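A.B. asks: okay, predicted coordinates and the sequence, questions at the end:
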Amino acid sequence: MSSNNKEEWGVTNLRLAFPKKKTMHFKDLSFHYVKGEKILLLGPSGCGKSTLLQVLSGLIPKSVELPMRTESQDIPESWGFIFQDPETQFCMPYADEEIAFVLENRRTKCEDMPSLIQHYLDMVGLKLEKNHQLIRTLSGGMKQRLAVASILALEPEVLFLDEPTALLDPKGTEQLWQTVQRIGKDRTLLIVEHKIDHVLDFIDRVILFNQNGEIFADGPKAETLRRYQDKLDEFGIWHPGIWDDYEKNHPGNQITANSKEPVLELDHFMVMRQKKVKFTADKLCIHRGEWVTVIGENGAGKSTMIEGIMNLLRTRGKIRWVFDHPEDHVQFVFQNPEYQFVTDQVDAELGFSLKVNNLTEEEIYKRVNEQLLRYALEEQKHQHPFQLSVGQKRRLSVASALITYPDVLILDEPTYGQDARNTFALLDLFQQLREEGTTIIMVTHEMEIVRHYATRVLKIKDGRIVDDSVNNSGEEKKSGQRVDQHEQIIF
């Protein structure tokens, strides 16, 4: 491995293996790039895009020791890496200290730091109550913005961006990519991203991977995406127009909910974080068979609301469930899937709640294997959950929740990090469960999901429900009219 000032970097004949996996992750993969290129890496979840970025940056094997063989590994001297999960890269407890740590390593004068910290926060649109704020109190999207701000403070020549907008709202996504485009004019960019609409504006090269981590296409963006349209669909790779194609194959999706049977009621309900009220609802009633989507900007209070409902935060007021023992009927999926993992192996994780409920070994084996197959986790069943890709972790967290057949499913951003194929499979499964009577409460920034599936939409702003609307988007869909992403739900 070499680190140098050349204007070309990359890896030749890469082979790499993960613990407890019998097969190689890459088989003699070669990839090179030159200074100033803007490259987008596309492929199905778990194909190795994030791993390749870590190899290209030198994080593997320098910081992450894995069995690896390569003829050459040339890495840039000045680079910054933005991870899928922002929490993995924080090294300080406070937001301003995280950026100050970077500035200290650049030998910035102390008197210049406050203004520079504010500058980088402004670049990513992160507005805090105070800059000296505990990172753990921030929402997922706010953490993601902070991670980007801290890397931008490095002023790197090469930027490795691994789904930096996965947890951002639509406005934040657009703003961040505008920032990257602006600061990236004289830099080299290597990007892994599922939400590619804004990225395509400034990308000049696209790399396409299949599910085995093999590169099957590499070329200019327009030509590559056009030429390999069928392969994009086959491997479940996100691309412009994929929602249109999906809707053509799923016409007239039933999004109405007719049941008036209450499942959950909130009465003068308040949720606290750090002894401060962060969410308030005077009255709210959720009915059986509803698919309620909770939308709003980052930091609005969406996750706070559902964590309060689950008694994961301090609350005041009343929560009334129709069930005598809601813990037997309600399942929750965290925004960060790692928060809910309790075992050291994927199949054991799936079977954990079944053992707690005293199911027979035969029934546990049957259900676990059904879930492994359904969520494309068979090859990973002996791996530690923390070794999975972000998309695979997300699928495992959802599978662990659904394996008990809950009556109510509460999910915080369940589709982030997923390729198109797995996203649509999850959504179709949720739809089937809803039609069978399961109640779904889902926090999401994906407005296509809201338009296509939600029976009801709660819009959160500044810790309050500012609108509670029945979703009539099905009328637009049935008439064949397209609703703009930013105008799908009119409040």
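C.D. replies: Done, it's in. The structure displayed is predicted, hence computed values, not measured ones. Numbers count the residues shown, from 1 in each chain.
A.B. asks: identify the residues contacting the spatially most central residue of the chain.
C.D. replies: Nearest to the geometric centre of the chain sits Y416, at 2.8 Å (CA atoms, centre = their mean). Residues in contact with Y416 (CB atoms under 8 Å, 6 or more residues apart in numbering) are 163, 166-167, 390, 394. For the C-beta atoms, the positions are set from N, CA and C on the backbone; glycine is no exception.
A.B. asks: try it again at 10 Å.
C.D. replies: Listed by CB atoms under 10 Å, 6 or more residues apart in numbering, the contact partners of Y416 are 84, 140, 163, 165-168, 194-195, 335, 337, 390-391, 394, 423, 444-446.
A.B. asks: for the protein, list the residue farthest from the centre, please.
C.D. replies: E111 (37.0 Å).
A.B. asks: distance of that one relative to L103?
C.D. replies: 12 Å (CB to CB, to the nearest Å).
A.B. asks: one more: Y416?
C.D. replies: 30 Å.
A.B. asks: could you do I449 as well?
C.D. replies: I449 is 39 Å from L103, by CB to CB.
A.B. asks: and if you look at T315?
C.D. replies: For T315, the distance to L103 (CB to CB) stands at 39 Å.
A.B. asks: do you know the pLDDT at the residue nearest to T173 when sequence neighbours are not counted?
C.D. replies: Of all residues not flanking T173 in the chain, T165 sits nearest, at 4.3 Å (CB to CB, 6 or more residues apart in numbering). T165 carries a pLDDT value of 90.
A.B. asks: the one 5 residues further on too?
C.D. replies: P170 is assigned 90 on the pLDDT scale.
A.B. asks: check V294 too.
C.D. replies: So V294 comes in at 98 (pLDDT).
A.B. asks: that one and K461 touch, don't they?
C.D. replies: No - in this structure, V294 is not within contact of K461 by CB atoms under 10 Å, at 11.5 Å.
A.B. asks: so between those two, which is more surrounded?
C.D. replies: Remark: of V294 and K461, V294 carries more neighbours, 25 against 13, as counted by other CB atoms under 10 Å.
A.B. asks: my read is that one is in a helix, agree?
C.D. replies: No - counting by DSSP: H, G, I helix; E, B strand; the rest coil, V294 is not found in a helix; it is strand.
A.B. asks: and it, what does it touch?
C.D. replies: V294 neighbours (CB under 10 Å, 6+ apart): 300-303, 305-306, 410-412, 441-444, 450, 454, 456-460, 465.
A.B. asks: now with 8 Å?
C.D. replies: V294 neighbours (CB under 8 Å, 6+ apart): 302, 305-306, 441-444, 458, 460.
A.B. asks: so what sits opposite it in the bridge?
C.D. replies: Per DSSP bridges, the residues bridged to V294 are V443, L458.
A.B. asks: that one and M92, how far apart?
C.D. replies: From V294 to M92 the distance is 31 Å (CB to CB).
A.B. asks: ditto for L116
C.D. replies: 16 Å.
A.B. asks: quick one, which of those two is more surrounded?
C.D. replies: The neighbour comparison of L116 against M92 (other CB under 10 Å) goes to L116, with 17 against 14.
A.B. asks: what sits closest to that one if chain neighbours are left out?
C.D. replies: Nearest to L116 is L103, by CB to CB, 6+ apart, at 6.0 Å.
A.B. asks: neighbours of E435, how many?
C.D. replies: Neighbour tally, E435, other CB under 10 Å: 12.
A.B. asks: next, it: phi, psi?
C.D. replies: phi -60, psi -20 (degrees, to the nearest 10).
A.B. asks: what about it, distance to F26?
C.D. replies: On the measure of CB to CB, E435 and F26 end up 42 Å apart.
A.B. asks: how's the chain carved up into domains?
C.D. replies: What the TED database lists as the domains of the chain is 8-245, 262-477.
A.B. asks: how many residues are close by K318?
C.D. replies: Neighbours around K318, by other CB under 10 Å: 10.
A.B. asks: show me the contacts for it.
C.D. replies: Taking CB under 8 Å, 6+ apart, one finds 265-269 in contact with K318.
A.B. asks: CA atoms only: put the one helix or strand it maps to into PDB for me.
C.D. replies: Per DSSP states H and E: K318 is located in strand 314-321. Only the C-alpha atoms of strand 314-321 are listed here, as PDB (Å, rounded to 0.1, in the frame of the first residue of the first chain):
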ATOM      1  CA  ARG A 314     -39.700  10.100  29.800                       C
ATOM      2  CA  THR A 315     -43.300  11.100  29.100                       C
ATOM      3  CA  ARG A 316     -46.200  12.900  30.700                       C
ATOM      4  CA  GLY A 317     -49.900  12.500  30.000                       C
ATOM      5  CA  LYS A 318     -51.700   9.300  29.000                       C
ATOM      6  CA  ILE A 319     -50.900   6.500  26.500                       C
ATOM      7  CA  ARG A 320     -53.800   4.100  26.100                       C
ATOM      8  CA  TRP A 321     -53.400   0.900  24.200                       C
END
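A.B. asks: before I go, just wanted to say thanks for your time.
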